[in-house]
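Novice: Could you work out the structure for the sequence below:
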Amino acid sequence: MNRRKSPYVRWLPVLLFLLSLLGLFYERQVAGSLPESIAFHALPYWRGVMATFSWIFGAMVFNQVTRWLLFDKIMARAIGGPVPGVLKEIAAALVYVAAITCIVGLVYNKSVTGFLAALGAGGVVVGFALRSLFADIFTGLAIN
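Specialist: Here you go, the predicted model:
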């Protein structure tokens, strides 16, 4: 069953992304006008939360644009049919992993080498676990 999303639901990440950018801009404008005790305690947390929201909602917007433009328009026309949903989901997961890596590294100034090493090790484990499944799938395709 292919249900279409409401246009309001499709534009919600764009609205949230713009609101988070507005929150970052507002924080920069207000930082000089607040008393020192409030500005010292509240603004760093506000900046981190708004920057995190900006990255997450930016990734959502990027995924929507990529899904609409690249997969539904360009690739669907090139292959003459719909693009498999698995490919769309893998691309979306990669965008979210990149956004999380940027949040950890750029917003919170933490090292991402451990995260990337664990991600690589997890990918190797999943690859070995699914090796026989992929072999069976491609064998079935070759037989057909």
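Novice: Check which helices and strands the helix or strand where Leu141 lies sits against.
Specialist: Taking DSSP states H and E as the criterion, Leu141 maps to helix 131-143. Other helices and strands packing on helix 131-143, by 3 or more Cβ pairs under 8 Å, 6 or more residues apart in numbering; DSSP states H and E, are absent; none qualifies. C-beta coordinates here come from the backbone N, C-alpha and C atoms, glycine included.
Novice: Tell me the buried residues in it?
Specialist: Within helix 131-143, no residue counts as buried by 16 or more other Cβ atoms under 10 Å.
Novice: isn't Val97 right up against Leu119?
Specialist: Yes. With contact defined as Cβ atoms under 8 Å, Val97 and Leu119 form a contacting pair (6.9 Å).
Novice: What separation do you get for the residue positioned nearest the centre of the chain and Trp46?
Specialist: In the chain, the centroid-proximal residue (Cα atoms, centre = their mean) is Tyr96; its distance is 2.7 Å. Going from Tyr96 to Trp46 by Cβ to Cβ, to the nearest Å gives 23 Å.
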